[in-house]
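Trainee: Can you look at this prediction? I've put the sequence above it.
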Amino acid sequence: MVPTAQQFDVVVLGGGPGGYAAALYASSAGLSVAVVEKDKVGGTCLHRGCIPAKEFLETASVYRTVAGAKEFGVQAEQPTLDFSVSQARKQKVVDQLHKGLQTLMKRRRITTFIGTGRLGPDRTVRVSDGTELQGNHVVLATGSVPRTIPGFEVDGRFVMSSDELLAREELPASAVVIGGGAIGCEFASMMSDLGVQVTLLEALPKLLPGCDKDVVNVVARSFAKRGIDVRTGVTVNGHKPSAEATTVLFGEGEQVTADAVVVSVGRRPLSDGLLDEGTAVEVDERGFVGIDERCRTAEPGVYAVGDLVATPQLAHVGFAEAIVAVKDMLGESPVPVDHASVPWCIYCHPEVAFAGLSEEAATEAGYDVVVKVDPYGGNGRALIVGEAAGMVKVIAEKDSDGKAGRILGVHMVGPWVTEQLGQAYLAVNWEATPEEVAQYIQPHPTLSEVFGETVLAMTGRSLHA
């Protein structure tokens, strides 16, 4: 014990999703908790990531709805956009959630220290304001920052990361999005729907790496129909700014001029300056902190969760890892997070949601599979809301009798699939079979019937599928 240090059961470094989840869960178990946060609790997800991005994607959804209102007999003028109002609404949502989180942490008697923290020996934490803390346990949850690429240094004018884009008061007339993963596709979709001419550049052969190919094809067709110029399998070679725009060089001598460049090539762990000498915590060459299946580092009593570790960089994964860490502190033998089957949601238009293995991944893993696809085109609710493009694809392990056994993966693309994934994730996570899941009664008319029809068809009998 360090005599001058303030003592807590748990000291958490970082107030983002993984950090505040660890703090809230530990405090609900009766532990005394301190959180060290350099900015605002809620982290990137709340202030510069998930929440702001989805707010603007909802703005795009409202814009599309109004633009297509006449199809429903609603006579409305072609909409115009005041993005400063959208920005103000986004900030109102963020501020409300931030205030609620602060209030909850205060109610739980969690002590917050503003500053950066460095972990030293014996689970001591030195805060940048000079405060010393010591925990019986420490949770490292300092999160991540946007990755950059050579030749595209963020300047806030022509080149921006997600941080700068989400803070703008107006959108550019044209933009190049570098990176065709989840974040890049969300930004490209949002900006295109709101009138921006978008070019999307991706180094890999297809959009949304890791997603099932049939799902990606639906997104690619939608992007093409909406005028998004998607170039896959190309590398970027820098840009040449002029007075009003910049020209991005890519591929084999190709170029495109735009008002802005949005770099969306992933995020890197924020482990710089996290550790003092004298701890056994290990950091790999990419900056990720090493952990075991219970989120324990090599230093006894020290855990790491969220974007700081090499697991899916999703807020809800940080939540789950935080719970595992606290349960382990309490000696409750937690079930580790199965990172291979966590739910993924991508909020571009059309939405993408999946859990478990894609068909390609299942085959590469050596599984003999049964696959069933059911489109939204025959679903009553999808036709009612005017969003018939998309499908549900279920991948199951083939049993020795040739029938579909354990469900390995469920992949969805289409209307509101991010809200439909719950039952699919449970099916994958519980290693259920189509025969078992087909007994769920799906309410009618709903979009979720498509999943129900798909698994029912995999039993060898079906209704509409």
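Mentor: On my side now, so go ahead. Every value quoted in this text rests on a predicted model; they were computed, and no experiment measured them.
Trainee: quick one: T44 from D163, how far?
Mentor: Distance, T44 to D163, by Cβ to Cβ, to the nearest Å: 8 Å. Any C-beta I mention is one placed from the backbone N, CA and C, and that applies to glycine too.
Trainee: Which helix or strand contains S189?
Mentor: Using DSSP states H and E, S189 sits within helix 182-193.
Trainee: For that helix, list the C-alpha coordinates in PDB.
Mentor: The C-alpha coordinates for helix 182-193 follow below in PDB (Å, rounded to 0.1, in the frame of the first residue of the first chain):
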ATOM      1  CA  ALA A 182     -18.100  -0.200 -41.500                       C
ATOM      2  CA  ILE A 183     -17.200   3.400 -40.700                       C
ATOM      3  CA  GLY A 184     -16.400   4.300 -44.200                       C
ATOM      4  CA  CYS A 185     -19.600   2.800 -45.600                       C
ATOM      5  CA  GLU A 186     -21.700   4.600 -42.900                       C
ATOM      6  CA  PHE A 187     -20.100   8.000 -43.800                       C
ATOM      7  CA  ALA A 188     -20.400   7.400 -47.500                       C
ATOM      8  CA  SER A 189     -24.100   6.400 -47.200                       C
ATOM      9  CA  MET A 190     -25.000   9.300 -44.900                       C
ATOM     10  CA  MET A 191     -23.300  11.900 -47.100                       C
ATOM     11  CA  SER A 192     -24.600  10.600 -50.300                       C
ATOM     12  CA  ASP A 193     -28.200  10.600 -49.000                       C
END
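Trainee: quick one, domains of this structure?
Mentor: The record's domain split for the chain, according to automatic domain parsing, is 6-144+268-339, 159-265, 350-458.
Trainee: Relative to P150, which of the ones you listed is closest?
Mentor: Taking Cβ to Cβ, domain 159-265 is the member of the domains of the chain nearest to P150, at 7.9 Å.
Trainee: pLDDT averaged over the closest one - what is it?
Mentor: The pLDDT scores in domain 159-265 average 96.
Trainee: now do the same end-to-end measure for it.
Mentor: Domain 159-265 has an end-to-end distance of 13 Å (criterion: Cα to Cα, to the nearest Å).
Trainee: from the chain's centre, how far out does that domain sit?
Mentor: Centre-to-centre, domain 159-265 and its host chain are 18 Å apart (Cα atoms, centre = their mean, to the nearest Å).
Trainee: likewise stretch 82-102?
Mentor: Relative to its chain's centre, stretch 82-102 lies at 19 Å (Cα atoms, centre = their mean).
Trainee: and it, average pLDDT?
Mentor: On average, the pLDDT along stretch 82-102 is 97.
Trainee: quick one: contacts of the biggest helix by length in the chain?
Mentor: Counting by DSSP state H, the longest helix found in the chain is helix 83-107. Contact with helix 83-107 is made by 20, 23-24, 27, 35, 40-42, 46-47, 51-52, 55-56, 59, 112, 166-171, 194, as judged by Cβ atoms under 8 Å, 6 or more residues apart in numbering.
Trainee: so where do the strands sit in the stretch 201-350 of the chain?
Mentor: Assigned by DSSP state E, counting those that start in this stretch, the strands in the stretch 201-350 of the chain fall at 229-232, 236-241, 246-250, 254-258, 260-263, 267-269, 302-304, 344-346.
Trainee: and V159, which of the ones you listed is closest to it?
Mentor: V159 lies closest to strand 260-263 among the strands of the stretch 201-350 of the chain, at 4.8 Å (Cβ to Cβ).
Trainee: strands paired with the closest one, and their directions?
Mentor: Neighbouring strands of strand 260-263 in its sheet, by DSSP bridges, are strand 159-160 (parallel), strand 174-178 (parallel).
Trainee: Same list (those) but as a markdown table, adding distance to F354 and mean neighbour count.
Mentor: Converted to a markdown table, the strands paired with strand 260-263 look like this (distance: least, Cβ to Cβ, whole Å; neighbours: other Cβ atoms under 10 Å):
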| stretch | distance to F354 | mean neighbour count |
| --- | --- | --- |
| strand 159-160 | 29 | 23 |
| strand 174-178 | 22 | 24 |
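Trainee: which intervals of this structure have sub-threshold pLDDT?
Mentor: In the predicted model, the chain carries pLDDT under 70 at residues 1-3, 465.
Trainee: Spatially central residue in it, please.
Mentor: Centroid check for the chain by Cα atoms, centre = their mean gives L314 as the closest residue, at 4.3 Å.
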